[in-house]
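Trainee: could you look at this predicted model? Sequence included:
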There are 2 protein chains.
Amino acid sequence: MNIGRILVGKPLQTKDLIHQSISKPVGLAVFASDALSSTAYATEEILIILAFTGATWASGGNILGLSIPIAIAIAILLVIVTISYRQTIFAYPGGGGAYIVARDNLGEIPAQVAGAALLTDYILTVAVSISAGVAQITSAFPGLRPLRVEIAVAVIIFITVINLRGLKESGRIFAVPTYFFLVSTFLMLGVGLVRFLSGSLPTVVDVEAMHHVVEPLGIFLILRAFSSGCTALTGIEAISNGITAFKEPRSHNAATTLTWMSGILIALFLGITLLANQIHAVPSETETVISQLGRTIYGEGSIFYLLTLAGTALILLMAANTSYADFPRLAALQAADGFLPRQLTYRGSRLVFSWGIVLLAAAASLLVIVADARTTALIPLYAVGVFMSFTISQAGMVVRFNRISKLKPGEIGHSLETPLTYDPTWRHKLVISAIGAVCTFVVMCVFAITKFTSGAWFVVIVIPTLVFIFFRIHRHYKDVAINLSRESTASVRTQPVRTVILVDNVHAETVRMVNFAKSLGHRWTAIHVGVSPEKAEEAKTKWQSRIGEGELVIIPSPYRQLIEPIRDYIEQLQAEEPDCFVHVIMGHLAMENYWEQALHQNSALIFNLALAQMEDVAVTTVPYQIHHIHRQPKAVVEPQAPTEQN
Amino acid sequence: MNIGRILVGKPLQTKDLIHQSISKPVGLAVFASDALSSTAYATEEILIILAFTGATWASGGNILGLSIPIAIAIAILLVIVTISYRQTIFAYPGGGGAYIVARDNLGEIPAQVAGAALLTDYILTVAVSISAGVAQITSAFPGLRPLRVEIAVAVIIFITVINLRGLKESGRIFAVPTYFFLVSTFLMLGVGLVRFLSGSLPTVVDVEAMHHVVEPLGIFLILRAFSSGCTALTGIEAISNGITAFKEPRSHNAATTLTWMSGILIALFLGITLLANQIHAVPSETETVISQLGRTIYGEGSIFYLLTLAGTALILLMAANTSYADFPRLAALQAADGFLPRQLTYRGSRLVFSWGIVLLAAAASLLVIVADARTTALIPLYAVGVFMSFTISQAGMVVRFNRISKLKPGEIGHSLETPLTYDPTWRHKLVISAIGAVCTFVVMCVFAITKFTSGAWFVVIVIPTLVFIFFRIHRHYKDVAINLSRESTASVRTQPVRTVILVDNVHAETVRMVNFAKSLGHRWTAIHVGVSPEKAEEAKTKWQSRIGEGELVIIPSPYRQLIEPIRDYIEQLQAEEPDCFVHVIMGHLAMENYWEQALHQNSALIFNLALAQMEDVAVTTVPYQIHHIHRQPKAVVEPQAPTEQN
């Protein structure tokens, strides 16, 4: 317990919740790391696909050079999505993630689809970012390559602990690496640009190129390269999900942070792609493009090369943190709507949604282990879900603006979240959202088709499965609610009570239990389940001598079962006296710690669960505390070990 | 539940226990498979060590030929141990494993050391045998090599299920492979011998030899080769542990089976070693010596070659079954003595010690996974424990015969197990046991020293750790026994009872719970832990309107804890009325299946455990069954999802 307290920190009061909010620069650090960090692998993923043509810089530089127009196309898409998302942030100051927008405008099914897509992608964000971050480390220190899975899992555990401490502190911790990354990367791009303009930028040497099957260049391959590069857009939605974490005025601060973030992202992505072309960077299993860039721009072994790699590794490792902010928040929203287990809505001692954090960490660790911490293996799973949620979110905004278009000035339209108000600029905004929706939908289709065989099929199966599970959970909670409300006509009255005392062995505990049962003042019977005839006989004799009141009834159990004979006995009692409430009382040896508790059969807990299926039966456990005693000299006390079942 | 029933079979009555006993031929199949199967790797392990000298058949056949005198030395040791163990079997007709012999003659500590050594070795037997068996399969089908860990774990699961069904049936199932192995291996040795005598036996070709560091030949290396070969003796004690599984007269049948087994074992071991020398067998990572023998004797691709390998693979896979018979039995013995958790003494629905079987399977699977299913990696861990238990057992017999020597004719000596009777041949028997004890002790030391750095150190740590844990467990059970007997002077009397009703939300369930509490007829208070002020207010209002009796007390919980505020409230009650018994009543939503139950917080179980630490507090759960209801048309019933904590 104390180790947990040291790691996680002291409990926070519920009223402290409001203070857990962050400024724009900290918000950029917390929410932008995912989006910015994708520049570390987006260029590389484009080059990997283009290299499938067998082109090298010597033979077909023009083909690898296609990465520049592809990057520009992606930058344009990013501008469209950013403008569209700014509208969402202002329309939903309480948090405008795809889930909320879809629930408000499109209905339950699209909302759950968006929820499933986002939850999947948050898990993938953690797995991809951490795998890519570890790849930067192993580019600088190739000796660590065999340990990459272990390093990745260790980092996941580290980030999990920080997040269990709470958002504000993790914001402060993560501000440093984000800004360190920005400074070191812009420095590298600046130096590279100066060397390029002065004509002194060399091309990269000593890279072990990837080997693969050669495919012809065609529109399909270019679309695959484009969709691989679109991973640069992942994470852009993080701010719209996390508006409530910002200081007031929330919408304004969040929208400004989003614009900053997109500007920085475009500059980084285009800069890296351009310079990677200039140095003739080569996709490689053993060295990342960022490492090739740093090595070429600063020269082999420069301290600045190592600083750049460190910055990139840090932002990638910290990018995972975005998901730690958003996954638990979204899961709590869906749980509050009854589509996920309600436990996900409970805030832990540090006011964070602890269950969501732990769930995310477990799922991401599993993915990292299965994919052997290789980014390229995870990329095909990634981004389908992101673009699905982009599409749903923007389609929702189109519906919203369409409804606004029908309002007269001063009229207020109904909405679950923010009331609809008259807005003369609706036409302009609807067009922006519609363009965004169409573009992201097209990209999603391109992605799903071109990446289908290399892994996107998995996501295509997972998302509908999750949606199915969400609706099963929802149906369960609805059933329970109907049950609880329907029978509430039951009147307050008293029923006759029959007490049944379960006796295993007769000792001090039994006396205490019988005392309690007698104190209740109802008709009682003591029973013993006779698994072993000798033990039953012994219990009966001891009962006579120690309790001496009533009779201990032995119920035979030839198959050594404990629950079934008791169930039969209770049913018999209920048949004799139909309206009676059966009260089962049993002892429970309570130990001082878990390992000692585990040495006993703890049948009280088992009975509690098993008898819960019977109507009009209540189960009472009378605990008896076993304390450590001062050791007696061995010769004096050497009693027979007890043979209790408790 | 039904899948479990199909796999494990229908429950058996306790009175069927006596019928679960086996004949000599079946006993040989069940208990001898471990000992016999070790011939599949013992010769190979000797050759691996001798090959460390860098000797090949071309350069230094004389060095590899040392395997023959080493094998003869091991065969002599085997004869000594067999004669010694026959004495034990007659002295302990109720089962004469090292644990019982040590407990009876040497005391608690040697007995627990023997227990720890044997339990460790049973686990290793499963891991080694299954790894070696899978190696035979991959010798014949090299394509399966990458799947060897998966195959090994699948086989462990299969044997586990068979053993959960019960011993008699597993005996019948395992008789076939044991006899198949004996026929196929003796046939191979016979054909090999005929070809050798007729001068037509070639040497083996196309073997990929192992590469290793070259070491000089010396006494240390020869001792290492000898100790590796001593793995041939493992499993010889299985019969003495399992005497009670034999038909009457048990001792006689068991001793005869032991003699058969040893004779067969010596014939196989010497035959394989001799022929392996003739064909110039080479230790290899990819092909076992048995496979090389079969291939050379029968010719490449012969059906008899495949049958021999199949027989060897089967006996090895089945050898693991010996441990499945002995591990749970020994664990139950130790648990009955209070040195292991008492749960290990309970017989499952099929009369087997299910917990022991499952524990063994889990530990062996872990070892196989960690050692990557490579036999050579496991061998150094193996056999230290076996020889330790041999030594303890035979030392115990020496003490026993020494006590017998002091008896007069007709006098009966005290013993926990079998009474000591006068025996004029005691001197002769004592000498045999002493020779056995000294020989096995020397081998154990040789083993521990020569294999220390390659893995035996692990066993040297594990056995004392286990012994320490056993004594901690023992101390705990003794403490509990003292506690329960000491306070049994408590008198039968009645105490005042205060009822506390825990209310989360007010609905149909609450009414039922209040009904029960009122029915008990004591002073009662209803309390609500106010984690959320809004919910607390709602509960209070609903209480007034639906229950309308008494008052719902709100206990604030600013840190969102549930247990601590209740604990404080109970302590307050107990301070007000010192002798009172506090009876806490809470509701529990009981679902129809586990996944639905997991969607609720199940705080009743948590409270039960948490409040068990308080004296004079009993906890009652009033279950409320939620049944699946007929779905209503959506428009009619759309209640708010409940926000219960149960």
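Mentor: Perfect, thanks for sending it.

Trainee: so where's chain A uncertain?
Mentor: Within chain A, the stretches with pLDDT under 70 are A:1-8, A:13-20, A:58-61, A:167-174, A:211-213, A:349-350, A:486-494, A:627-646.

Trainee: identify the residue nearest the most centrally placed residue in it in space, chain neighbours excluded?
Mentor: Taking CA atoms, centre = their mean, the centroid of chain A lies closest to residue A:360, which sits 2.7 Å from it. In space, and not counting its chain neighbours, residue A:360 is closest to residue A:327: 4.5 Å by CB to CB, 6 or more residues apart in numbering or on different chains. C-beta here means a position set from N, CA and C on the backbone, and glycine is covered the same way.

Trainee: any idea how far stretch A:238-245 is from the middle of the chain?
Mentor: How far stretch A:238-245 lies from its chain's middle: 16 Å, per CA atoms, centre = their mean, to the nearest Å.

Trainee: stretch A:344-354 now?
Mentor: Distance, stretch centre to chain centre, for stretch A:344-354: 13 Å (CA atoms, centre = their mean).

Trainee: can you get me the start-to-end distance on that stretch?
Mentor: In stretch A:344-354, first residue to last residue: 8 Å (CA to CA, to the nearest Å).

Trainee: ok, which stretches of the stretch 301-450 of chain A are strands?
Mentor: With strands called from DSSP state E, counting those that start in this stretch, the stretch 301-450 of chain A shows them at A:412-413, A:420-421.

Trainee: still on that earlier bit, OK, contacts around the residue nearest to the centre of chain A?
Mentor: Contacts for residue A:360 (CB atoms under 8 Å, 6 or more residues apart in numbering or on different chains) come out as A:122-123, A:126, A:160, A:323-324, A:327-328.

Trainee: what's the answer for residue A:542, then?
Mentor: Taking CB under 8 Å, 6+ apart as the test, what residue A:542 contacts is A:505-507.

Trainee: just the closest of these to chain B, please.
Mentor: residue A:507 (4.1 Å; CB to the nearest CB).

Trainee: how about that closest one: what's its closest non-neighbour residue?
Mentor: Spatial nearest neighbour of residue A:507, excluding adjacent residues (CB to CB, 6+ apart): residue B:484 at 4.1 Å.

Trainee: three-state assignment of that neighbour?
Mentor: Assigned with DSSP: H, G, I helix; E, B strand; the rest coil, residue B:484 falls in the helix class.

Trainee: kindly report the same for residue A:529.
Mentor: Put simply, residue A:529 is strand when judged by three-state DSSP.

Trainee: report how many residues lie close to it.
Mentor: Taking other CB atoms under 10 Å in any protein chain shown as the criterion, the count of residues near residue A:529 is 23.

Trainee: helices - which of the contacts of residue A:542 land there?
Mentor: Per DSSP state H, helices hold no members of the contacts of residue A:542.

Trainee: could I get those in TSV, plus columns for neighbour count?
Mentor: As requested, the contacts of residue A:542 are exported to TSV (neighbours: other CB atoms under 10 Å in any protein chain shown):
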residue	neighbour count
A:505	18
A:506	24
A:507	23
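
Trainee: okay, how far is it across stretch A:34-41, tip to tip?
Mentor: This stretch, stretch A:34-41, spans 12 Å end to end (CA to CA).

Trainee: those helices in the stretch 451-600 of chain A, which residues are they?
Mentor: Using DSSP state H, counting those that start in this stretch, the helices of the stretch 451-600 of chain A run over residues A:457-486, A:508-520, A:533-546, A:563-576, A:594-597.

Trainee: for those, give me JSON lines that also has distance to residue A:76.
Mentor: Formatted as JSON lines, the helices of the stretch 451-600 of chain A follow (distance: least, CB to CB, whole Å):
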{"stretch": "helix A:457-486", "distance to residue A:76": "25"}
{"stretch": "helix A:508-520", "distance to residue A:76": "76"}
{"stretch": "helix A:533-546", "distance to residue A:76": "81"}
{"stretch": "helix A:563-576", "distance to residue A:76": "67"}
{"stretch": "helix A:594-597", "distance to residue A:76": "59"}
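
Trainee: so which of these is the most surrounded?
Mentor: helix A:508-520 (a mean of 22; mean count of other CB atoms under 10 Å in any protein chain shown).

Trainee: tell me which strands and helices it is in contact with?
Mentor: Applying 3 or more CB pairs under 8 Å, 6 or more residues apart in numbering or on different chains; DSSP states H and E, we find helix A:508-520 packed against strand A:497-502, strand A:523-530, helix A:533-546, strand A:581-590, strand A:617-625, helix B:457-486, strand B:497-502, strand B:581-590.
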